[in-house]
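Novice: turn this into a model:
(chains A and B)
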Amino acid sequence: MNQAIRNSWVAAIAMFALIFGAISFVQVVGADDLKGNPLNQRAILQNYCNDRGAIIVGGEPVAESVEGTSEVCQFQRTYAQPALYAGITGYFSKNYGATGLEVAMNAQLAGSSDQQFFDRIGQLFLGNQPKGASAELTIDPAIQKLAYDLIPDGQRGSIVVTNPKTGAILAIVSKPSYDPNLIATQDPNAETTNINELVKVPGINLNQNVSGPTGELLAPGSVFKLVDTAAALASGKYNKDSVLPNPAEMPFPGIQYKLPNYAGGNCYTQDKASFAFALQQSCNTPFASIALDLGRDAIAEQAAKFGFGEDLGDQLKLAYARGSGFPDDMDGPGLAQSAIGQKDVRATPLQIALMTSAIANNGVQMSPSLVKTVRSPDLRVIDEPQPEALRTSTTPEIARQITEWMTSAVSQGIARGAAVPGVQVAGKTGTAELGNGLNNSWFTGFAPANNPEVSVTIVMEGVDITTGAQLTSPNAKKIFEAVLNK
Amino acid sequence: MSQLSTIPKPRRNVELLLLILALSVGIGANMLVGVDQAKAFDSDFWFQSSLLAVAALVFHVVLRIRAKYADPVILPLVVALNGLGLAMIHRLDAPGEDTGNNQLRWTLIAMAVAIGVIWFLKDHRVLRRFTYISLAVSALLLILPLVPGISAGEILGARVWIRVGPMTFQPGEIAKITLAIFFAGYLSSNRDLILLAGRKIGPLQFPRFKDMGPMITAWLVSIGVLIFQRDLGSSVLFFGLFIVMIYVATSRISWVVIGLGLILGGGFVAAQVFSHVEVRIYGWLNAFSPDVYETGSRQVIEGLFGMANGGLVGTGLGQGRPDLVPFANSDMIIASIGEELGLIGLFAVVLMYVMLFTRGFRAALGTRDAFGKLLACGLSFAIALQCFVVIGGVTRLIPLTGLTTPFLAAGGSSLLANWIIVGLLLLISHTARGPVDTTPLPPGGAAEPAGIDTPTEAVKRA
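Specialist: Presented below is the predicted three-dimensional model:
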């Protein structure tokens, strides 16, 4: 019996040997992997009380650490113009971690990046408070404010303004927005109450990879016809002089459903259409027939080249949704509907902006970027990202051809509202039906058409046709004017 | 062997010395927590510290009177663990929360009950009379959480709680002890029968089918707990307890083979049939995938992040963020300690458990009656197994289950049960280390079969 007792003790010791091994693995061997895990918010929370660097727009901080009165920490993170920049800065909270640039730029803002190694040593010897680097953004504060105000309060919508040649984002806004100060408060009870209140507001989701201009996946409607056009021209089966079938309704064998052109528009006037006319008036059936002719794969390939369902580079910093790209396994009607941006096709406002920017930039899509410079506390530049090409979306010839047609859509077509006197504007509208009588109304375009300096993408969600028309093209015009007249 | 030493020594002064050391660990930790959180030396601190110290000293005095040969290391170890747990729970109390004082209240109740066990029981062999009553009580305790009206319903996926007035209680914790008493009583009476009959297959001697009755019973209890109460941890604990006790009773490895076969078979079937087991295992294997994190593994993963953050030396008490881990003061208290005291501190804590169960096994070796041997061995192994299941779960060595960390975790039932175990181990160690007791048991007890009550081999050799 005693031998068995000793053996049982050995078994217990063996279990504890495993325990010691497991603890060593977690706390020492595998600790770095655990610290680097994307789910791990501790790196952020650890330097919660430090003097973080500011996030700067146009020389003014939009997020900064100020000496507070709270007994929790010496420094309190505060956000100037909170709702305007919430989608960019995100929040920095004691219990809920961080989002936006606060998390993406954490190493620099907290001063723990590799470039700041020697600064840290200096701070150590001088006994100074650790101080982080500041990040200056590509955002133009005037355009950001203008774009934000162009979305009426109570309306869900997003606007993205970029420089197509560099990929720099000049404005990126969405409504509804929220006040990050409510979440950054050091009063833990207030923090929880505020968060619980916030998530009740319809349209507010604090996860940027599922909401806002970078995360919300929407049916793109007719702006997706730009993808069909590029695919058609790239296939070699079509050229600028091609004549497309334009029936008022497209029937499908064996089923009741017919895909119609928009009943109120000019498309009804002719049953054949040139490319220029089809894009100008945004007729549905010509593009449906292109898709049926080229097949699902050709459209999907072109969509991926424009960045749908793809990686958006590492200069964006913000969390984003890729979407699934062009949907798989479609029958005739499904493919036809998807080709006009309905059914299961989804894209974020940012992806639409990047598609347009690629057309504007001779077919080369630039990495979207948000950070212009990172400076250490002594104002030395420690990082200055350079513009970089993300992918080639189409050839310069095709890009120029599409630009020409988009220009006529603004000068003579249904995107007329975006026209700016004295400037050639290229644009495309879209109206994605939500099935309840309301639509997602889109505009995407750039100016000047021959030497693009700015691309504007607007989406207003859940609006009727008239409101949609008022809130998209005319607002794009105001943004074009504001950027170009400076 | 302790009984070879010339004269048995009580070593109560050693215990007192160690006890002061143990109290300084717990109270010192509580002090550090206070200093770091700017709530230093408030009335809470003095109140908690003095109550803990007084209770520990009373316990010590009771041992001097009633069990003066009891192992001098057990009580200080347990007081140190309990004190450290109190400090950690106090540290994790958010403003307005009072888990710390509640835990102290339960500690005092549990210590009082353990003192009662020592005072009134006097000799653990008395328990042998209650072999079958213990079985009945175990069954009752395990069924209680399923009875409508008494049951506190499903809490965190398991039905192991009952409601007593304003409090909830986990009767399964106590069932651990009564089951151990039943197994010890049954096996010490019947081990000859089980030993002698049987068929030999290869090197293993297998028991007769009808002798497997208690094993089947234990297996059914474990599987029943798993299915009806959805408590994987307790299920493993009960079955592990039984395997060890029958192995010790018979010295036959074949029982362990059969037992492991049964538990693997039962576990496999359970994983196929019951979604909660499958979900648990899937969550364990894929803990780091973001959707699993959202739906189930968050607790473990946050615990791992905390422990990684603590690293080798820890952040220091009150300096880390163990509050980010769900259930930081109960299920995950090991992760909290790992974060703030580091690998070094956590190793020290785990070593205390090693010493504790080793002392229990030592009492099993030393005591002269089979019942006492089985009981001490079973209870000690239960502590070890429980620690393994909990700490293994927290470190993701095995899937996390709802067992509590003995003496550390917040929770009254667990404290009470474990302090009773300590009381029993102290009593058994008292007979093990004391002079050979020649007085017969008071009348009425079931006499042990003569063959069993012989001295251990060591004594025979002497």
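Novice: work out for me the element the spatially most central residue of chain B sits within.
Specialist: Centroid check for chain B by CA atoms, centre = their mean gives B:Ile383 as the closest residue, at 3.5 Å. Using DSSP states H and E, B:Ile383 maps to helix B:370-394.
Novice: how far does that helix sit from its chain's centre?
Specialist: On the basis of CA atoms, centre = their mean, to the nearest Å, helix B:370-394 is displaced by 6 Å from the centre of the chain it belongs to.
Novice: need the contact list for residue 358.
Specialist: All of this refers to chain A. Neighbour list for A:Ala358: A:164, A:306-307, A:364-365, A:393-394, A:399 [criterion: CB atoms under 8 Å, 6 or more residues apart in numbering or on different chains]. Using the backbone N, CA and C atoms, a C-beta is placed for each residue, glycine as well.
Novice: not quite, go with chain B.
Specialist: Taking CB under 8 Å, 6+ apart, we find B:Thr358 in contact with A:9, B:380.
Novice: ok, for the residue nearest to the centre of chain B, nearest residue in space, not its chain neighbours?
Specialist: B:Phe357 (4.9 Å; CB to CB, 6 or more residues apart in numbering or on different chains).
Novice: so what pLDDT did that neighbour get?
Specialist: Turning to B:Phe357, the model gives it a pLDDT of 97.
Novice: that one - how many residues pack around it?
Specialist: For B:Phe357, the tally of surrounding residues (other CB atoms under 10 Å in any protein chain shown) stands at 27.
Novice: in contact with it, which residues?
Specialist: Residues in contact with B:Phe357 (CB under 8 Å, 6+ apart) are A:9, A:12, B:380-381, B:383-384, B:387.
Novice: if we can go back for a sec, for the contacts of A:Ala358, which one is nearest chain B?
Specialist: Looking at those and their distance to chain B, the nearest is A:Gly307, at 23.0 Å (CB to the nearest CB).
Novice: for that closest one, pull up the helix or strand it's in.
Specialist: When elements are defined using DSSP H and E, A:Gly307 is found to belong to no helix and no strand.
Novice: now swap in A:Thr429 and tell me
Specialist: Of the helices and strands defined by DSSP H and E, A:Thr429 is found in strand A:426-433.
Novice: repeat that for A:Asp241.
Specialist: Under the assignment given by DSSP H and E, A:Asp241 is not contained in any helix or strand.
Novice: pLDDT value on it, please?
Specialist: Here the pLDDT value assigned to A:Asp241 is 86.
Novice: with adjacent residues omitted, what lies nearest to it?
Specialist: A:Ser274 (7.5 Å).
Novice: report how many residues lie close to that neighbour.
Specialist: The tally of other residues near A:Ser274 (other CB under 10 Å) stands at 17.
Novice: tell me how far it lies from B:Phe288.
Specialist: Between A:Ser274 and B:Phe288 the distance, using CB to CB, to the nearest Å, works out to 55 Å.
Novice: center of chain A, which residue is that?
Specialist: Most central in chain A (CA atoms, centre = their mean) works out to A:Thr214, at 2.3 Å.
Novice: residues near whichever residue of the stretch 301-450 of chain A sits closest to chain B, how many?
Specialist: Distance from chain B to each residue of the stretch 301-450 of chain A (CB to the nearest CB) is smallest for A:Ala319, at 12.1 Å. Here the number of neighbours of A:Ala319 (other CB under 10 Å) works out to 18.
Novice: could you do A:Gln256 as well?
Specialist: Here the neighbour count serves as a burial measure; for A:Gln256 (other CB under 10 Å) it reads 6.
Novice: follow-up on the earlier one: make TSV out of the contacts of B:Phe357 and add pLDDT and distance to B:Trp284.
Specialist: Formatted as TSV, the contacts of B:Phe357 follow (pLDDT from 0 to 100; distance: CB to CB, whole Å):
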residue	pLDDT	distance to B:Trp284
A:Trp9	95	28
A:Ala12	96	23
B:Ser380	96	28
B:Phe381	96	24
B:Ile383	96	24
B:Ala384	96	22
B:Cys387	96	19
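Novice: can you find the helix or strand of chain A with the lowest average pLDDT?
Specialist: Counting by mean pLDDT, DSSP states H and E, chain A has its least confident helix or strand at helix A:117-126, which shows a mean of 68.
Novice: now the element after it, going C-ward?
Specialist: strand A:134-137.
Novice: pretty sure B:Leu317 is touching B:Leu32, no?
Specialist: Yes: shown here, B:Leu317 and B:Leu32 form a contact pair, counting by CB atoms under 8 Å, at 4.4 Å.
Novice: the strand holding A:Thr429 pairs with which strands, parallel or anti?
Specialist: Strand A:426-433 has the following sheet partners, assigned by DSSP bridges: strand A:439-447 (antiparallel).
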